[in-house]
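Asks: Got a sequence here, can you model it:
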Amino acid sequence: MKAAVLTGIEKIEIADMPAPAIQGDKDVLIRVQRVGLCGSDMHYYRTGKIGSQVVEFPFVVGHECAGQVEQVGSGVKMVKVGDRVAVDPAVSCNQCDQCRAGRGNTCRKLKFLGCPGQMPGALCEYLVMPEQSCFPAGAISLDQAVLTEPLAISLYAVNQAQLDKHSDMAVLGAGPIGLGCILFGVAASGGKCFATELIAERIEAAAKAGADYVFNPKSKDIAKSILAKCSAGVDVVFECAGRQETLDEAVEILKPGGKLMMIGIPEQDRVSFVIDRIRRKELTMINVRRQNECTDQAVEMVADGQLDADFMITHHFDISQIAEAFDIVANYRDGVIKAMVKI
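Replies: Numbering: from 1, shown residues only. Sure thing, here's the model as predicted:
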C-alpha cells in the first residue's frame, strides 16, 4: 500500500509498504479515505519528537482519520463491512488501574496512532484498529468525521473545566483545538469569551465560533486588553498554543481561584511559572491529555446538527501533495486552520 512517511527532519515522501491484516476477532480493517493534519504531527515533522517520544525514521504519522470498513474480525458487532467510520486514535488496554477508574486516556499501556514506539500512523491506504476505536459516521461527511477527533479533545477539556453559567473564559491560541474550546465553552457558559490568535484567518474563525473579543498579540498587550474588559479576571483559561508566553498570560488574566487548562503541547521540554503569582491566586492547573470517551458524543453532536465546525476546514490535498501540505501546515501559511489529506 501507499503511505506518507517521515524520512527525516522536515522530510516526508510517499513510499510502498505492506498492508496490515486483521489479527484478532475484535479487529477492523479500514480503507483510510481522509486524514487531518494536526499540530502534534508537525512536532514530529519539525523536531522529530514530542518530549520522550522520539521518531525513528522512517515513520508514518497522522491520527485524525476516517474511512470505510473493508473487513471485520469474527467478534465485531458495532460496525460492518461498508460502514464509514470516525476513528478514535487511542487504544487503551481496558484492564489497568487507569482504565478501571474511567481514565482510558492515561492507560498504563496506551497506544496511539502515529506515536513513536506505540503505533504507526494513519497517512496510509489501510489501517487496522480495534472495534472500540471505530464509530459509525452515519450521514456525516468524511471531513466532519475527521474533525470529531480534535473536537473530542476540546469537548473533554471543557467538561474538565466544569464551567458554570456565569463563567468568563479565555482561549489562548485559536487553532482547531482552541476553536473547539470556544464552541463548547460558549455553549456551556453565559459569561464573556476572550480569544487570542496571531493569524488573521483564525482571528476571524474565533469570532465566528463565538468569541466576544479576539486579540492579536502582535498588536495588543493580551493581559491588559482582557483585564480592561474583565477587571476581576477570567474564571478559566484554555491554553491551546503550548508556548511560554501564553502560559504567562494565562496566569496574569486568571482571577484568584481560577483554572488553567493546559492543552497545547510545548516544543521545549520545560516551561515555568512565577510561583508567587500562582500561589497567591491559588490557581488550579489541569493538564488535558487528549480525549477521554468523548468521540462518540462529538460524532452525535455533528450528526444531530448541534455542532457546526465545517468552517475550520480550509485546505484539501491529495496524498501525492503531502510535502506541500506539511510545509503549509507546519509554517502556518496560506491562512490554514485544518488541512485534510485525501487518501
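Asks: In this protein, which residue is most central in space?
Replies: Using CA atoms, centre = their mean, the residue of the chain that lies closest to the mean C-alpha position is residue 150, 3.5 Å off.
Asks: And stretch 284-295, what's buried?
Replies: 285, 288-292, 294-295 (16 or more other CB atoms under 10 Å). Placement of C-beta: from N, CA and C, glycine included.
Asks: Give me the subset of those lying in helices.
Replies: Members of the buried residues of stretch 284-295 lying in helices (criterion: DSSP state H): residue 295.
Asks: which ones among the buried residues of stretch 284-295 are found in strands?
Replies: Among the buried residues of stretch 284-295, the ones falling in strands (DSSP state E) are residue 285.
Asks: Looking at the buried residues of stretch 284-295, which is nearest residue 303?
Replies: Distance to residue 303 across the buried residues of stretch 284-295 (CB to CB) is lowest for residue 295, with 12.4 Å.
Asks: so the closest one sits right up against residue 85, yeah?
Replies: No: contact criterion CB atoms under 8 Å: residue 295 and residue 85 do not qualify, at 10.6 Å.
Asks: Find residues that contact each of the two.
Replies: Residues touching both residue 295 and residue 85 by CB atoms under 8 Å, 6 or more residues apart in numbering: residue 135.
Asks: rewinding a little: look up the closest residue to the residue nearest to the centre of the chain, ignoring the ones flanking it.
Replies: Counting by CB to CB, 6 or more residues apart in numbering, residue 176 is the residue found nearest to residue 150 once chain neighbours are left out, at 4.6 Å.
Asks: per-residue pLDDT, the one you found?
Replies: If you check residue 176, the pLDDT there is 97.
Asks: right, and it touches residue 338 too?
Replies: Yes: counting by CB under 8 Å, residue 176 touches residue 338, with 5.1 Å between them.
Asks: What's the local residue count around residue 263?
Replies: 26 (other CB atoms under 10 Å).
Asks: Residue 330 now?
Replies: Neighbour number of residue 330 under other CB under 10 Å is 18.
Asks: name the element the nearest residue to it once chain neighbours are set aside belongs to?
Replies: Spatially, and ignoring its direct neighbours in sequence, residue 330 is nearest to residue 42 (4.5 Å; CB to CB, 6+ apart). Per DSSP states H and E: residue 42 is located in helix 39-47.
Asks: ok, then the element right after that helix?
Replies: Remark: after helix 39-47, the chain's next helix or strand is strand 49-50, criterion DSSP H and E.
Asks: From the chain's centroid, how far away is that following strand?
Replies: Here strand 49-50 is found 16 Å from its chain centre; the criterion is CA atoms, centre = their mean, to the nearest Å.
Asks: Okay, now the sheet partners of that strand, with direction.
Replies: strand 53-54 (antiparallel) (DSSP bridges).
Asks: For residue 252, which three-state class applies?
Replies: Here residue 252 is helix, with the state taken from DSSP: H, G, I helix; E, B strand; the rest coil.
Asks: Give me the pLDDT for the residue nearest to residue 213 when sequence neighbours are not counted.
Replies: Nearest residue to residue 213 in three dimensions, chain neighbours excluded: residue 194, at 5.0 Å (CB to CB, 6+ apart). You'll see residue 194 listed with a pLDDT of 98.
Asks: who's in contact with residue 194?
Replies: Residues in contact with residue 194 (CB under 8 Å, 6+ apart) are 168-171, 211-215, 226, 229-230, 234, 253.
Asks: let's go with 7 Å and repeat that
Replies: Residue 194 is in contact with 170, 211-213, 226, 234, counting by CB atoms under 7 Å, 6 or more residues apart in numbering.
Asks: Can you list which of these are found in strands?
Replies: 170, 213, 234.
Asks: top of those by neighbour count?
Replies: Of the ones in strands among the contacts of residue 194, with other CB under 10 Å as the count, residue 170 tops at 31 neighbours.
Asks: Residue 285 versus that residue, what's the distance?
Replies: Here the criterion is CB to CB, to the nearest Å. By it, residue 170 lies 15 Å from residue 285.
Asks: what do you get for residue 148?
Replies: Counting by CB to CB, the separation of residue 148 from residue 285 is 27 Å.
Asks: what does residue 203 give?
Replies: Taken as CB to CB, the span from residue 203 to residue 285 is 27 Å.
Asks: Residue 194 now?
Replies: 19 Å.
Asks: Over to residue 149?
Replies: 25 Å.
Asks: pretty sure residue 137 is touching residue 86, no?
Replies: Yes: proximity of residue 137 to residue 86 meets the contact threshold set by CB atoms under 7 Å, at 5.1 Å.
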